[in-house]
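Student: Here is my input; please provide its structure:
(chains A, B, C and D)
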Number of protein chains: 2
Amino acid sequence: MTATTPILAAHGALASQNCQACPIRHRAVCAKCDDDELVRLERMKSYRTWQAGETIVMEGGALPFVGSVVKGSASLTRYLEDGRVQMVGLLMPSDFIGRPGRKTAPYKVTAITEVTLCMFDRSRFEALLESSMHVSSRLLEMSLDELDAARDWMLLLGRKTAREKVATFLALVFRRAPTSAAPLRCTLPLGRDTIATYLGLTIETVSRQVTGLRREGVIRLEGNGRTILCDDFPALLAQAGDDAFDDADDPFFR
Amino acid sequence: MTATTPILAAHGALASQNCQACPIRHRAVCAKCDDDELVRLERMKSYRTWQAGETIVMEGGALPFVGSVVKGSASLTRYLEDGRVQMVGLLMPSDFIGRPGRKTAPYKVTAITEVTLCMFDRSRFEALLESSMHVSSRLLEMSLDELDAARDWMLLLGRKTAREKVATFLALVFRRAPTSAAPLRCTLPLGRDTIATYLGLTIETVSRQVTGLRREGVIRLEGNGRTILCDDFPALLAQAGDDAFDDADDPFFR
DNA sequence: CGTAGGATTGATGATGTTCAAAATTGGTGG
DNA sequence: CCACCAATTTTGAACATCATCAATCCTACG
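Tutor: Numbers count the residues shown, from 1 in each chain, chains lettered A, B, ... in the order given. Sure, this is the predicted structure:
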């Protein structure tokens, strides 16, 4: 068996990709790896794809792997007894899933769009962690970034108004949009329900705030309300209520 | 100069303590260190104490050190432009302050009680991080625990009612109380204002919920309202609305 | 015994939720 | 090509919760 032998997972399997050509090569947990370490990772990795809406891991369920998001986005959610939900994390390409030393997931992980993961067998990954500073130090960096992002979100959840929450979210989305010239345009991969879960609001309140921003001329809508345009980005930022937007701490831009 | 030479900081300095006798020796970032690494840490450490209410670091201010809380507790808070505040972290003994590679603090750090920090010069600590897997892997563990705690708190901030927030907070406090037999008794080091900042509520709402719990016989108050007794802990947990209390993810018990 | 700081209580109002219905869109099949 | 259907979004009205503003009360302390 060589490092380039295709490895197949049980379901939705993809052929193994060459790490050198990987789109997240320089941002994911493997970012600092040298060629030898990359070979070790290629030996233990496998790909799998989930469709939008599919559950990747149940809350409290077994998580026999760790891995990176290669393509698409996924949500981490927590539940209260009576069914109330809060999204506690949004995974984008290069983000890491799972944690060394833990075999079950403390959150439910759900595919928002079609998601492809690059999965590593946990025990073999842990062995690599112990021997390679490149992997462990990158994982530490990424975890500290996640921690900052989570704390930013705590400020939003605890203190921002519905209007500020929605404006903050939209500003976040536009920062990732391919277009940088006005009008900014973005087609959300999320429904109102997912946005509500992310912001700690109800669907109705999200909808009302989007409508409010539209009426005030800050944004425009197209089609089914999932495509949003913005002619005046500073006006949107002004509604976000933030001290200052700081890309480095922005959950979408790590 | 030897490893046991007392090192003095500019203000509120304490003599260097022996790491072996340190109360947080087995829980802090140095938990996994061997004797050699401990010697290196002793060479770069210094102690400093702040009084309750003092600012340890300003939001956005320079943070020339990293370090561990040895004694007391401190809060991490973030602000919006108009002054709204949210506590985003509660530091207890053994918790770590600062992050490698970053020279400014993204949060304001305030002493809740009298606080003593064991501070390490940042650049020397970073050098140790690069050479010692024991320090970096422990820091990774602690950071991932913090991340879990932050996400738990996101669920509280986003979805719990005022009653559930206060009950959750009190349950948290009682879990740290020295007494394990009924009646549980605890004297809070926090005022109503700090609790409100922690829970994303106002002082008045916290007070009303405490009163509500008292009227319903779940808790009793003593003195100025900072000493709280609980005869029926399960009744308190029932008010917390949580799925299950899980010590491992509890921000007070890491 | 008086005072200051913190905690509690009360009255009122704003904000966001809930429940219910209507509108819009994209897809399907005649 | 058009009509219909299901899913999603939007809108409306009533309500609940929590914040705000303004006293008042309590406790610790001098």
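Student: going forward, measure contacts between C-alpha atoms and count neighbours the same way
Tutor: Fine.
Student: So what does A:Gly217 have for phi and psi?
Tutor: Per-residue torsions, A:Gly217: phi 80, psi 10 (degrees, to the nearest 10).
Student: For it, grab the count of nearby residues.
Tutor: Counted with other Cα atoms under 10 Å in any protein chain shown, the neighbours of A:Gly217 add up to 14.
Student: Show me which residues of the stretch 151-254 of chain A sit near DNA strand C.
Tutor: A:160-163, A:200-202, A:204-205, A:222-225 (Cα under 7 Å from any atom of the strand).
Student: rerun that using 6 Å as the cut-off
Tutor: Contact residues (Cα under 6 Å from any atom of the strand) of the stretch 151-254 of chain A with DNA strand C: A:161-162, A:201-202, A:204-205, A:223-224.
Student: Could you identify the buried members of those residues?
Tutor: The neighbour-count test (16 or more other Cα atoms under 10 Å in any protein chain shown) marks A:162, A:201-202 as buried among these.
Student: Buried residues, stretch A:94-104. List them.
Tutor: A:94-100, A:103-104.
Student: of these, closest to chain B?
Tutor: Closest approach to chain B among the buried residues of stretch A:94-104 (Cα to the nearest Cα): A:Arg99, at 7.8 Å.
Student: Once you drop chain neighbours, what's closest to the closest one?
Tutor: Nearest residue to A:Arg99 in three dimensions, chain neighbours excluded: A:Val66, at 6.7 Å (Cα to Cα, 6 or more residues apart in numbering or on different chains).
Student: Then A:Arg220?
Tutor: Nearest one to A:Arg220, counting by Cα to Cα, 6+ apart, is A:Leu229 at 5.0 Å.
Student: Just to be sure, A:Leu237 is in a helix?
Tutor: Yes. Under DSSP: H, G, I helix; E, B strand; the rest coil, A:Leu237 falls within a helix.
Student: Do I have it right that it meets A:Leu170?
Tutor: No. Contact criterion Cα atoms under 8 Å: A:Leu237 and A:Leu170 do not qualify, at 9.1 Å.
Student: which of these two has more neighbours?
Tutor: Set A:Leu237 next to A:Leu170 and count neighbours by other Cα under 10 Å: A:Leu170 wins out with 23 against 20.
Student: Report the secondary structure state of the more buried one.
Tutor: Secondary structure of A:Leu170, reduced to three states by three-state DSSP: helix.
Student: One more: A:Gly89?
Tutor: strand.
Student: check contacts around A:Ile195.
Tutor: A:203, A:206 (Cα atoms under 8 Å, 6 or more residues apart in numbering or on different chains).
Student: before we move on, what about A:Leu221?
Tutor: A:214, A:227-229.
Student: ok but it is inside a helix, no?
Tutor: No. Judged by three-state DSSP, A:Leu221 forms no part of a helix; its state is strand.
Student: Distance check, A:Met119 against B:Asp193.
Tutor: Using Cα to Cα, to the nearest Å, A:Met119 is found at 46 Å from B:Asp193.
Student: the more surrounded of the two?
Tutor: Neighbour tally, A:Met119 and B:Asp193, criterion other Cα under 10 Å: the higher count belongs to A:Met119, 24 against 15.
Student: Against A:Phe65, how distant is the more buried one?
Tutor: Distance from A:Met119 to A:Phe65, by Cα to Cα: 6 Å.
Student: any idea where the helices of the stretch 151-254 of chain A begin and end?
Tutor: Secondary structure of the stretch 151-254 of chain A, counting by DSSP state H, counting those that start in this stretch: helices at A:162-176, A:192-199, A:203-215, A:233-240.
Student: my guess is the residue nearest to A:Arg99 contacts A:Arg122, does it?
Tutor: Yes. A:Val66 lies in contact with A:Arg122 (Cα under 8 Å); the separation is 5.7 Å.
Student: Which residues are in contact with each of those two?
Tutor: A:Pro100.
Student: ok, now which ones touch the residue lying closest to A:Val210 once chain neighbours are set aside?
Tutor: Once flanking residues are discounted, A:Val210 sits nearest to A:Val166: 7.2 Å by Cα to Cα, 6+ apart. Contacts of A:Val166 were listed using Cα under 8 Å, 6+ apart, and they are A:199, A:206, A:209-210, A:240.
Student: tally of neighbours for the residue in the stretch 51-200 of chain A positioned nearest to DNA strand D?
Tutor: Closest contact between the stretch 51-200 of chain A and DNA strand D, by Cα to the nearest atom of the strand, is at A:Gly191 (3.4 Å). Neighbourhood size, A:Gly191 [other Cα under 10 Å]: 12.
Student: now it, nearest residue through space, not along the chain?
Tutor: A:Gly191 sits nearest to A:Arg226 (Cα to Cα, 6+ apart), 7.3 Å away.
Student: I'd like to know how far the one you found sits from A:Gly61.
Tutor: Taking Cα to Cα, one finds A:Arg226 at 32 Å from A:Gly61.
Student: Next: A:Ala235.
Tutor: Distance, A:Ala235 to A:Gly61, using Cα to Cα: 43 Å.
Student: still on that earlier bit, make a markdown table out of the contacts of A:Leu221 and add pLDDT and neighbour count.
Tutor: Output for those, formatted as a markdown table (pLDDT from 0 to 100; neighbours: other Cα atoms under 10 Å in any protein chain shown):
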| residue | pLDDT | neighbour count |
| --- | --- | --- |
| A:Arg214 | 97 | 16 |
| A:Thr227 | 94 | 14 |
| A:Ile228 | 95 | 22 |
| A:Leu229 | 94 | 21 |
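Student: Out of those residues, which is nearest to DNA strand C?
Tutor: Among the contacts of A:Leu221, A:Thr227 lies closest to DNA strand C (Cα to the nearest atom of the strand), at 9.0 Å.
Student: can you tell if stretch A:39-56 touches DNA strand D?
Tutor: No. Using Cα under 6 Å from any atom of the strand, stretch A:39-56 never reaches DNA strand D; the gap is at least 9.2 Å.
Student: Could you work out the end-to-end span of that stretch for me?
Tutor: Using Cα to Cα, first and last residues of stretch A:39-56 are 27 Å apart.
Student: Any idea how far that stretch is from the middle of the chain?
Tutor: How far stretch A:39-56 lies from its chain's middle: 15 Å, per Cα atoms, centre = their mean, to the nearest Å.
Student: and what of stretch A:235-242?
Tutor: With Cα atoms, centre = their mean, you get 23 Å for stretch A:235-242.
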